[in-house]
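In: The following block contains a protein sequence and its predicted model.
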Amino acid sequence: MTNEEKFLVDLEGYLVIKDVLTADEVDELNTIIDQGDRSGHPTQWGEPFRRLIDHPKVLPYLIELLGPKFRLDHDYAIFMSQGESRGRLHGGEDGGRPGGPEGDHWYKYRDGVIRNGLIVMTYCLADVGEGDGGFACVPGSHKSNFATYLPADVRGFERPAHYVAQPAAKAGDVIFFTEAVIHGTMPWRAAHERRSLLYKYSPGHSAWSGRFYDLSEYGELTAQQERILSPPSIGNRPDVVQEE
Ligand SMILES: O=C(O)CCC(=O)C(=O)O
């Protein structure tokens, strides 16, 4: 992760990581989606999707933002066609606060180290243009002291507000965001389908999902991927990356 990227993550709470996947990789994933049943976890859709669990271009970000013992918490896909709506802006009113139901939606910086309770790496398998909709957030709100004051009509995308961003990205890019930033899904306006794969990671000791991965449901996993899919723990938990 470059210093500029750290600056941006700390400033805005999200980042577009360019060109993570090649055009061939995007095509391969899209072909499987076109031929498959699209249900369940993308990590169970075959080896090209399992590869994304610890994609070498994303791995350094996971370690930098979650620590060396991070884990995959859950994963799912979002497909949207023109005119479709999904979740409003959330976080802030419910998340990150002591006693809040989404207690892992936190972001911290201390002594040069960034840490998060839950982060998302969204693999874009179709272009997202400005104004297309899809992922949207309030940049900087992961550090807001007044997040609960975000008006309901802005949360529901009924009233546009200049402080809501909908980042553009190309197929093959990854949109990173911390769950601590206020975020949601803008109605999809583009004629082509939105195709996003959301891989959500936690520090090794914590979980958002109560359902842990059952490794017996997977085909061949590498030892590193098995460490990433293991349930949360602290004592003697190995670092994800081992010299093997
Ligand atoms: O990518 C999106 O549409 C946002 C997903 C979302 O709201 C979430 O991860 O909680």
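Out: Great, that's in hand.
In: Please identify the buried residues of the host helix or strand of Thr31?
Out: Using DSSP states H and E, Thr31 sits within helix 23-35. Residues of helix 23-35 classed as buried under the neighbour-count rule (16 or more other CB atoms under 10 Å) are Glu25, Val26, Glu28, Leu29, Ile32, Ile33. C-betas here are computed from N, CA, C, even on glycine.
In: Quick check: Tyr107 touching Leu11?
Out: No: with contact defined as CB atoms under 8 Å, Tyr107 does not count as touching Leu11 (11.6 Å).
In: of the two, who's got more company?
Out: Neighbour count, other CB atoms under 10 Å: between Tyr107 and Leu11, Tyr107 has more, with 22 against 13.
In: ok, now which ones touch the more buried one?
Out: Contacts for Tyr107 (CB atoms under 8 Å, 6 or more residues apart in numbering) come out as Gly13, Gly96, Ile114, Arg115, Asn116, Gly117, His142, Lys143, Thr178, Ala180, Val181.
In: what's the average pLDDT for the helix holding Thr31?
Out: The average pLDDT within helix 23-35 is 98.
In: picking up where we left off before, which two from the buried residues of helix 23-35 end up farthest apart in space?
Out: The largest separation in the buried residues of helix 23-35, counting by CB to CB, is between Glu25 and Ile33 at 12.8 Å.
In: what about Leu221, neighbour count?
Out: 18.
In: Go ahead and report the secondary structure state at it.
Out: coil (DSSP: H, G, I helix; E, B strand; the rest coil).
In: mind listing what it touches?
Out: Going by CB under 8 Å, 6+ apart, Leu221 touches Arg50, Leu215, Leu229.
In: Contact partners for Arg18?
Out: Just to correct that, residue 18 is Lys rather than Arg. By CB under 8 Å, 6+ apart, the contact set of Lys18 is Lys170, Asp173.
In: So which of the contacts of Tyr107 are in strands?
Out: Among the contacts of Tyr107, the members found in strands (DSSP state E) are Ile114, Arg115, Asn116, Thr178.
In: I figured the second one hits Pro203, correct?
Out: Yes: at 6.9 Å, Arg115 counts as touching Pro203 under the criterion of CB under 8 Å.
In: which one of the two has more residues nearby?
Out: Per other CB under 10 Å, whichever of Arg115 and Pro203 has more neighbours is Pro203, with 23 against 16.
In: give me phi/psi at the more buried one?
Out: Dihedral angles of Pro203 (phi, psi; degrees, to the nearest 10) stand at phi -60, psi 160.
In: residues in contact with the residue nearest to it when sequence neighbours are not counted?
Out: Spatial nearest neighbour of Pro203, chain neighbours left out: Leu66 (5.1 Å); criterion: CB to CB, 6 or more residues apart in numbering. If you count contacts by CB under 8 Å, 6+ apart, Leu66 has them with Arg115, Asn116, Ile119, Tyr201, Ser202, Pro203, Gly204.
In: My read is that Tyr213 contacts Asp73, right?
Out: No: applying CB under 8 Å, one finds Tyr213 not in contact with Asp73, separated by 9.2 Å.
In: quick one, what contacts Val20?
Out: Going by CB under 8 Å, 6+ apart, Val20 touches His55, Lys57, Val58, Tyr123, Gly172, Asp173, Val174.
In: element containing it?
Out: Using DSSP H and E, Val20 sits within no helix or strand.
In: if I look at it, how far off is the ligand?
Out: Distance check for Val20 against the ligand: by CB to the nearest ligand atom, to the nearest Å, it reads 16 Å.
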